[in-house]
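Chemist: have a look; sequence and predicted model below, questions after that.
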Amino acid sequence: MTKADPKLMAKIREALTNSFPDANLNVGPGYFDNIHIIVTSRKFEGKSNVERQEIVWSAVDSIGLDDAEKAHISMILPQTPEEFAA
């Protein structure tokens, strides 16, 4: 079974750390060679789910991933600290 690329996960984690310095981040392997991203941040308060996704994708796009690399991201869960605690 193929596993998620650790170098790609590290690049994504670095981009998210730069965009969400105070967030709780989890960038890890998903099924097969996919990557799952969980971002817990106050930046998402008052934002719709679509807006939250756009904020995370904007951070990911800042590192210039190509379409093949982006295709490995199979889950993005942006949440507030209160949602995480629930």
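Modeler: On my side now, so go ahead.
Chemist: alpha carbons only for contacts and neighbour counts from here, please
Modeler: OK.
Chemist: can you give me the helices in this protein?
Modeler: 6-19, 49-61, 67-70, 81-85 (DSSP state H).
Chemist: mind listing what's buried along the shortest one?
Modeler: So the one you mean is helix 67-70. Buried residues in helix 67-70, defined by neighbour count with 16 or more other C-alpha atoms under 10 Å: K70.
Chemist: same deal with stretch 49-63?
Modeler: For stretch 49-63, by 16+ other C-alpha under 10 Å, it's R52, Q53, I55, V56, A59, V60.
Chemist: possible to save the helices of the chain as TSV with mean pLDDT and distance to Y31?
Modeler: Listed next are the helices of the chain as TSV, based on pLDDT from 0 to 100; distance: least, C-alpha to C-alpha, whole Å:
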stretch	mean pLDDT	distance to Y31
helix 6-19	96	14
helix 49-61	96	20
helix 67-70	94	15
helix 81-85	96	22
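Chemist: let me have those helices in JSON lines, extended by distance to S41.
Modeler: Converted to JSON lines, the helices of the chain look like this (distance: least, C-alpha to C-alpha, whole Å):
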{"stretch": "helix 6-19", "distance to S41": "11"}
{"stretch": "helix 49-61", "distance to S41": "10"}
{"stretch": "helix 67-70", "distance to S41": "22"}
{"stretch": "helix 81-85", "distance to S41": "6"}
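Chemist: among those, which is nearest H36?
Modeler: Closest approach to H36 among the helices of the chain (C-alpha to C-alpha): helix 6-19, 9.1 Å.
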